[in-house]
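Chemist: here is a sequence together with a model predicted from it:
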Amino acid sequence: MGTGLIKWILVDTGADSNIMFRNVFDALSLRDADLKTHQHSVVGLGDHFIKPDGIISLPVSVGQGQGRRSVMAEFVVLRDSTAYSVILGRKTINDLRAVISTKMLVMKFIADDGSVGSIKGDLETAVACDNASLSLRKKSKEASGVFLADLDARVDDKPRPEPEGNLERFRVGDTEEKFTFVNRNLPHDLKEPLMEMIRANGDLFAWTPADMPGIDPQLMSHHLAVKAEARPVAQRRRKMSQERAEKVARQTSSLLKAGFIRELDNSTTRHGCRM
């Protein structure tokens, strides 16, 4: 990062932002003049807020030789510290085009030359960092330090948007089942054009599974990593209420008609559905 080699890095898919601690900032001989103002505080232990020193943009490189990738990344600089030197959040992970196996402690990424680079973590170091963080956390909820589980450099979560005012239902498609809602209290000269625009674009709505376009398997696909030699195990039948069973049957039928699933028949598992 910058001009230095940083160790003890947490790659955190649950963190929105990158975080660098002040001791690392100083060790890299970075200057306060390079910091940009960070408008929001970071939530610390015990729901208290910590004001970051600022934000700095640095070149970040992972891997070595041909299996190397470099990107620019922004770091929120904090004076407190944890068991780690730096935390890499989702944006930089995505910029690196990386995938992570926490079980194998491996991160693979697309290198600058198009090859696949790989970094393997050290199990003993990972366990030591986890234990250090947990022991610090248990000492006191009023401690002055900031701990990994409490770091969140995002803006305070905002509630989901909710419909405003009284809603009026209106039909969009050619049947009563194809409908949506509009604010009943909108001025007439705004509501009518809005409803007409929605009706004119009614083909954009997916009323049934058959209305949803498929995804080319070359773009994205999903499969179960089942060993070929594994013997299938038939589970006992689960009973459902009549109402629920009818609903499941209707949904299954619509998925079959849309071609989203298909029925399989073999000698070991009898019948099943495949996505």
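Modeler: Nice, thanks for sending it over.

Chemist: what about E74, how many neighbours?
Modeler: Under the neighbour criterion other CB atoms under 10 Å, E74 is assigned a count of 17. Glycine gets a C-beta too; all of them are placed from N, C-alpha and C.

Chemist: strands paired with the helix or strand hosting it, and their directions?
Modeler: Here E74 is covered by strand 67-78, with elements defined by DSSP states H and E. Taking DSSP bridges as the criterion, strand 67-78 pairs within the sheet with strand 18-21 (parallel), strand 54-64 (antiparallel).

Chemist: neighbouring contacts of the helix or strand just after the first one?
Modeler: Read in the C-terminal direction, the helix or strand following strand 18-21 is helix 22-27, with elements assigned using DSSP H and E. Defining contact as CB atoms under 8 Å, 6 or more residues apart in numbering, one finds that helix 22-27 is touched by 4, 6, 53, 56, 77-81, 85-86.

Chemist: is there a quick ChimeraX command that grabs whichever of those are buried?
Modeler: The following ChimeraX selection, which keeps only the buried ones among these, applies the criterion 16 or more other CB atoms under 10 Å:
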select :53,56,77,78,80,85,86
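
Chemist: if we can go back for a sec, same list (the strands paired with strand 67-78) but as CSV, adding distance to E192.
Modeler: Written out in CSV, the entries for those read as follows (distance: least, CB to CB, whole Å):
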stretch, distance to E192
strand 18-21, 49
strand 54-64, 47
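
Chemist: just the ones you listed: most buried one?
Modeler: Here the criterion is mean neighbour count by mean count of other CB atoms under 10 Å, and of the strands paired with strand 67-78 the winner is strand 18-21, at a mean of 25.

Chemist: any idea how far that strand is from the chain center?
Modeler: Strand 18-21 has its C-alpha centroid displaced from the chain centroid by 19 Å (CA atoms, centre = their mean, to the nearest Å).

Chemist: what separates F170 from H223, distance-wise?
Modeler: Counting by CB to CB, to the nearest Å, the gap between F170 and H223 amounts to 43 Å.

Chemist: returning to what we had before: so which of the strands paired with strand 67-78 gets nearest L204?
Modeler: When the strands paired with strand 67-78 are compared by CB to CB, strand 18-21 sits nearest L204, at 37.3 Å.
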